[in-house]
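Visitor: sharing a model that was predicted from the sequence below.
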Amino acid sequence: MKIAVSACLLGENCKYNGGNNFNSELLKRIEKHEILSICPEVEGGLSIPRDCCEILNGKVMSCKGVDVTSSFEKGAKVCLKKVMDFHADLIIVQSRSPSCGVNEIYDGSFSHTKIKGNGIFVQKCIEAGLKVIDIKEYLNYE
């Protein structure tokens, strides 16, 4: 199986705060599969570290009030092409992010309030007919 995975889950320090979301259980479960590591935010030209961002009224805004939607859109487009060229059977992401949130994102108030919704990258993948799931769902999936 070909699986695209959020780079932060594989231990790459690409989160907004310079850290990662490494998950050893995920690594064990995917080790026999062909893996593509992706980070739409880095592909969009955003720095590591960078300001925390959330989606508000369809735009991605930084915690300092800067509209960074174009960077998120660019990164989503680049990663979607990579995933399509890779012929991924599945995409595993870290939810709540404005890029990789699947079914749940933060509400744009920077108050840690979660709402239903998808990140920019995930939405493009779903529209392209790709299967995207959150890591928690994947670890309960198999």
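Guide: Received, thanks.
Visitor: so how many other residues sit close to the nearest residue to Gly44 once chain neighbours are set aside?
Guide: Sequence neighbours aside, Gly75 is the residue nearest to Gly44 in space, at 2.7 Å (criterion: Cβ to Cβ, 6 or more residues apart in numbering). Any C-beta I mention is one placed from the backbone N, CA and C, and that applies to glycine too. Neighbours of Gly75 under the rule other Cβ atoms under 10 Å: 22.
Visitor: name the nearest residue to the most centrally placed residue in the chain, ignoring sequence neighbours.
Guide: Central residue check for the chain by Cα atoms, centre = their mean: the C-alpha nearest the mean position is that of Cys100, 2.3 Å away. In this structure, Cys100 finds its nearest non-sequential neighbour in Val93, 3.8 Å apart by Cβ to Cβ, 6+ apart.
Visitor: can you tell me how far the one you found sits from Ile55?
Guide: Separation of Val93 from Ile55 (Cβ to Cβ, to the nearest Å) stands at 15 Å.
Visitor: what about those two, which has more around it?
Guide: Val93 (29 against 24).
Visitor: wait, that one touches Val132, no?
Guide: Yes: with contacts counted by Cβ atoms under 8 Å, Val93 reaches Val132, the gap being 6.2 Å.
Visitor: anything in contact with each of these two?
Guide: By Cβ atoms under 8 Å, 6 or more residues apart in numbering, Val93 and Val132 have these common neighbours: 102, 122.
Visitor: can you tell me the SS state at Ile105?
Guide: strand (DSSP: H, G, I helix; E, B strand; the rest coil).
Visitor: and what of Met61?
Guide: Relying on three-state DSSP, one would call Met61 strand.
Visitor: for the longest helix belonging to the chain, list the C-alpha coordinates in PDB.
Guide: Secondary structure of the chain per DSSP state H: the longest helix is helix 69-86. Once non-C-alpha atoms are left out, helix 69-86 reads as follows in PDB (Å, rounded to 0.1, in the frame of the first residue of the first chain):
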ATOM      1  CA  THR A  69      -4.000  31.900   3.000                       C
ATOM      2  CA  SER A  70      -1.900  32.000  -0.200                       C
ATOM      3  CA  SER A  71       1.000  30.100   1.500                       C
ATOM      4  CA  PHE A  72      -1.500  27.400   2.700                       C
ATOM      5  CA  GLU A  73      -3.100  27.200  -0.700                       C
ATOM      6  CA  LYS A  74       0.300  26.900  -2.500                       C
ATOM      7  CA  GLY A  75       1.500  24.200  -0.100                       C
ATOM      8  CA  ALA A  76      -1.800  22.300  -0.400                       C
ATOM      9  CA  LYS A  77      -1.500  22.400  -4.200                       C
ATOM     10  CA  VAL A  78       2.100  21.200  -4.200                       C
ATOM     11  CA  CYS A  79       1.400  18.400  -1.800                       C
ATOM     12  CA  LEU A  80      -1.800  17.300  -3.600                       C
ATOM     13  CA  LYS A  81       0.300  16.900  -6.800                       C
ATOM     14  CA  LYS A  82       2.900  14.900  -4.900                       C
ATOM     15  CA  VAL A  83       0.200  12.600  -3.500                       C
ATOM     16  CA  MET A  84      -1.500  12.200  -6.900                       C
ATOM     17  CA  ASP A  85       1.900  11.500  -8.600                       C
ATOM     18  CA  PHE A  86       2.700   9.000  -5.800                       C
END
